[in-house]
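A.B. asks: From the sequence below, what's the structure:
(2 chains)
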Number of protein chains: 2
Amino acid sequence: MNELPVVLFGVGGVGQALVRQIVENRERHARQYGLWIRFLALCDSRSAVVEPMEGLNDAQLLDILDIKTRGGSLLEHPLGGTQDDLSAILDIVGLPGTLVVDCTATEETVPALLFGLERGYKLVLANKKPLTVEQEVYDRLVRAGGTEEAPLDLARVRWETTVGAGLPVIATLNRLLASGDPIQRISGTFSGTLGYVMTGLQAGRPFSQIVQEAYEQGYTEPDPRDDLGGVDVARKALILARGMGWRLDLSDVEVAGLYPPELDELSVEEFLARLPALDASFQEQVTAAAQEGQVLRYAATIQDGRCRVGLTPVDRDSPLGRLTGTDNLVEFTSRWYSPNPLVIQGRGAGVDATAAGVLSDLVELAFTGR
Amino acid sequence: MNELPVVLFGVGGVGQALVRQIVENRERHARQYGLWIRFLALCDSRSAVVEPMEGLNDAQLLDILDIKTRGGSLLEHPLGGTQDDLSAILDIVGLPGTLVVDCTATEETVPALLFGLERGYKLVLANKKPLTVEQEVYDRLVRAGGTEEAPLDLARVRWETTVGAGLPVIATLNRLLASGDPIQRISGTFSGTLGYVMTGLQAGRPFSQIVQEAYEQGYTEPDPRDDLGGVDVARKALILARGMGWRLDLSDVEVAGLYPPELDELSVEEFLARLPALDASFQEQVTAAAQEGQVLRYAATIQDGRCRVGLTPVDRDSPLGRLTGTDNLVEFTSRWYSPNPLVIQGRGAGVDATAAGVLSDLVELAFTGR
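C.D. replies: Just a heads-up that it's a prediction; the model follows:
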């Protein structure tokens, strides 16, 4: 049996779904892959449950899920304790071949991730932040020697769910790179919320009404500006551009949000109240695009040295143009995939789809060597 | 430097493109992956060039490409010789970690592939035949212990290009399986030629005219029945069904070709001359589908224990329904990808796209362990 010791950072929605999926798939993983995943530690921002010798059994894991789903703290668990240093937990664990899984949404995990890599641990990131801070951190996380010139280390790290959740976007990018197929362009939509807004605009509805409705139905972040500003999409675009070997920072991504910056200071209610003033402009842009046989998408485009995020007219008959609703879609245009791009499409969000993608990464790393 | 010794079976279109792409990418593979691919032997059906110690250098490889592109034989090369036993060549090579790449289109390689696996060699298949003969051979090729119950060996074998050429179809299937996401349905088009025919039918053109034109322009096999009969698509459907863990043989795939079996005995010219008699029936089916908001695709569908290949009505607004032209498209419907499927779309044929997919498989296996 191939034993895979795991330390989990982050026991929120994705982390909980991951633990549940691993428990549910135990027998199948053993039978189909000869694989046994053993949790040595589960860590929150301030607390942790650690069992470095035996690993946590399924009853203990289900207890932890019970505590977390009712909003409790890991401290309530018999093995729970406070933690203020994730590296110290990795130090306690110390088992060769340990896999560190980052399901948090903070860059505070970076020192521990780097510490783990120095120990020779493997790494799965669902967390975009460590890959979108300084270029130097990115290099240390994904390259074998940690320097700009060092080779990519496909044996040691996976970050599929940082872009498009469980969709095989990074896997596809890495396959194209491995084959030496020169990528001319990556273009895609990476926000279900903004996809919903674009579909509404295309149907002729006023921008303000679509956003108000999405907000009321809980389709947006608590502050809809977190979606409409485009920064989350910009992080994904940066991960794709860096994945192509470009060297750039988040500040180099050209982000055009869907509202003017002067609305940043308002309360959410005031912000929503000001949106009708934008309706006419959006309507004009939709009409102008339609006259060219185009439709508007909120897309990330990585091409010709520029990494851009914003409202983008695309041909109505292209894969992006035919997209409706909240699905993500990414087009890779390369030497072999041109004029028609290679397209990946599907659900690009959700805790279960994301956790499933993390689990796929984890199983892949169970078979890599070094 | 990570040295990857390779033995190539098959130096036809895909094999030649693979050698060329490896030579062209040498510096990049070394820099970006710390990888050096070394050809120990290139084998045809009756001849081979073998250099088991040093490996063939790039000048020797380019010489071989020159010989092959002008239609010559490997025997013309200074290191060329006859061969009638691929296993014997693998026996000579004997280097641990050797990767055997099958770019032939024959099941005659099976004994040598199994011999290589016993030696602990890794395996990349572009050849569908070994995976579509008896179930027992499939199990021995992809499972670690070689038996029905043995675990999948993701560290040792890749077969991405047997379905959809370089498109990440098998990679996506294996990721879904690894995460335990139950797959309810796989449906896809896997023939550019038949995609062209379907697009023509949808535009209202007569079946016979579309086939005649495709034949004259060289878009079909020399005998168009090899496309229209659906057997090549059936092999791909079988590989997908077996990939899902189903146990079945090619004879269990329900294949409905696009012409009646009594036309099998005719010459190509006679066959083409008889096609206009089918035009009315196709036109009726197109019209009947349109009345239900559907269009016809020549699709493989794997669902509810049945593996079917044939003319399939699909919703006009589904990904398959919106497809036009020669691209392949595959939809995976699962627990997390439903009601909207996970979709992969793009060029599904061509020697360069296929060779690029083989090269991606090869780079991936350079990082696996065991």
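
A.B. asks: did I read that right, A:Y196 in a helix?
C.D. replies: Yes. The assignment for A:Y196 (DSSP: H, G, I helix; E, B strand; the rest coil) places it in a helix.

A.B. asks: burial count for the residue lying closest to it once chain neighbours are set aside?
C.D. replies: Take A:Y196 and drop its neighbours on the chain: the residue closest to it by Cβ to Cβ, 6 or more residues apart in numbering or on different chains is A:T326, 5.3 Å away. Just so you know, the C-beta spots here come from the backbone N, C-alpha and C atoms, and that holds for glycine as well. Around A:T326 there are 20 other residues, counting by other Cβ atoms under 10 Å in any protein chain shown.

A.B. asks: ditto for the one 10 residues further on
C.D. replies: When neighbours are counted by other Cβ under 10 Å, A:W336 registers 21.

A.B. asks: show me the contacts for it.
C.D. replies: Applying Cβ atoms under 8 Å, 6 or more residues apart in numbering or on different chains, we find A:W336 in contact with A:181, B:166, B:347, B:350, B:352-353, B:356.

A.B. asks: Doesn't it belong to a strand?
C.D. replies: No. With three-state DSSP as the criterion, A:W336 is coil rather than part of a strand.

A.B. asks: Not counting its neighbours along the chain, what's nearest it?
C.D. replies: That would be B:A353: by Cβ to Cβ, 6+ apart, it lies 4.3 Å from A:W336.

A.B. asks: And the one you found, how close does it get to A:L362?
C.D. replies: 30 Å (Cβ to Cβ, to the nearest Å).

A.B. asks: rewinding a little: helix, strand, or coil at the residue nearest to A:Y196?
C.D. replies: Going by three-state DSSP: A:T326 is coil.

A.B. asks: go on, the one 4 residues further on?
C.D. replies: When states are read from three-state DSSP, the local structure at A:V330 comes out as strand.

A.B. asks: confidence score at it?
C.D. replies: At A:V330, the model reports a pLDDT of 98.

A.B. asks: ok, and the closest non-adjacent residue to it?
C.D. replies: Counting by Cβ to Cβ, 6+ apart, A:V330 lies nearest to A:G188, which is 3.2 Å off, once chain neighbours are set aside.

A.B. asks: How far does the helix or strand harbouring the one you found sit from its chain's centre?
C.D. replies: Per DSSP states H and E, A:G188 falls inside strand A:183-189. Strand A:183-189 has its C-alpha centroid displaced from the chain centroid by 17 Å (Cα atoms, centre = their mean, to the nearest Å).

A.B. asks: in it, what counts as buried?
C.D. replies: A:183, A:186-189 (16 or more other Cβ atoms under 10 Å in any protein chain shown).

A.B. asks: Would you format those residues as a markdown table with pLDDT included?
C.D. replies: A markdown table is the format used below for the buried residues of strand A:183-189 (pLDDT from 0 to 100):
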| residue | pLDDT |
| --- | --- |
| A:I183 | 97 |
| A:I186 | 98 |
| A:S187 | 98 |
| A:G188 | 98 |
| A:T189 | 98 |
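
A.B. asks: Centroid-nearest residue for chain A?
C.D. replies: The residue lying closest to the centre of chain A (Cα atoms, centre = their mean) is A:T162, at 2.2 Å.

A.B. asks: Just want the phi and psi numbers for that one.
C.D. replies: phi -70, psi -20 (degrees, to the nearest 10).

A.B. asks: The helix or strand that contains A:L62 - contacts with which helices or strands?
C.D. replies: Using DSSP H and E, A:L62 sits in helix A:58-69. With contacts defined as 3 or more Cβ pairs under 8 Å, 6 or more residues apart in numbering or on different chains; DSSP states H and E, helix A:58-69 has these neighbours: helix A:13-24.
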